[in-house]
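Student: generate coordinates for the sequence data below:
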Amino acid sequence: MLEEVRNEIKKVDEKIIEDIAQRMRLAEKIFDIKKRLGRDIYDEKQTKKVLNRVERYAAAKKLSSDDVKKIFEILIKMSIDKQRELNRKEKGKSVVSRRASVEVGGRPRK
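Tutor: Residues are numbered from 1 along each chain as shown. Modelled structure (predicted):
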């Protein structure tokens, strides 16, 4: 019985990893669109919008909004890091701007 439930958790974990990989593929598409539109990698308004949305959804599912927000801050950071990596590969250098420098928590680095 315990092993059966653990196997179910394992399947959920695998699905989470698949979903994160899909999110990263979408981040690559977002980078291409931002590049064509001349937009910065980091979009503070969009970050706030995502975090507010997931906090509400977490609360509706009776999950800790704070914990879910932390998870999504990490996911957003992963997406930004991926977009920066793509930018470096395309330009052969790092584009550093205060708006593009974000740490977990969505706050600009100093």
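Student: what's around Leu63, how many residues?
Tutor: For Leu63, the count of nearby residues is 14 (other C-beta atoms under 10 Å). Placement of C-beta: from N, CA and C, glycine included.
Student: give me the three-state assignment for it.
Tutor: Three-state call for Leu63 (DSSP: H, G, I helix; E, B strand; the rest coil): coil.
Student: from the chain's centroid, how far away is the helix or strand hosting Arg36?
Tutor: Following DSSP states H and E, one finds Arg36 within helix 2-37. Computed by C-alpha atoms, centre = their mean, to the nearest Å, the chain-centroid distance of helix 2-37 equals 10 Å.
Student: list the helices and strands that helix packs on?
Tutor: Applying 3 or more C-beta pairs under 8 Å, 6 or more residues apart in numbering; DSSP states H and E, we find helix 2-37 packed against helix 65-91.
Student: rewinding a little: just the buried residues of the helix holding Arg36, please?
Tutor: If you call a residue buried by 16 or more other C-beta atoms under 10 Å, then helix 2-37 has these buried ones: Ala27, Ile30, Phe31, Lys34.
Student: what's the closest non-adjacent residue to the first one?
Tutor: Leaving out its chain neighbours, the residue that sits closest to Ala27 by C-beta to C-beta, 6 or more residues apart in numbering is Ser79, at 3.8 Å.
Student: next one: the third one
Tutor: Once flanking residues are discounted, Phe31 sits nearest to Gln83: 4.2 Å by C-beta to C-beta, 6+ apart.
Student: how about the last one?
Tutor: The shortest distance from Lys34 to any residue other than its chain neighbours is 6.6 Å, reached at Ile41 (C-beta to C-beta, 6+ apart).
Student: so what pLDDT did that neighbour get?
Tutor: pLDDT, Ile41: 95.
Student: does it belong to a helix, a strand or coil?
Tutor: Classification of Ile41 using three-state DSSP returns coil.
Student: what is the burial count for it?
Tutor: Neighbours of Ile41 under the rule other C-beta under 10 Å: 23.
Student: need phi/psi at it.
Tutor: phi -60, psi -50 (degrees, to the nearest 10).
Student: my guess is it contacts Glu85. True?
Tutor: No. Using C-beta atoms under 8 Å, Ile41 makes no contact with Glu85, being 10.4 Å away.
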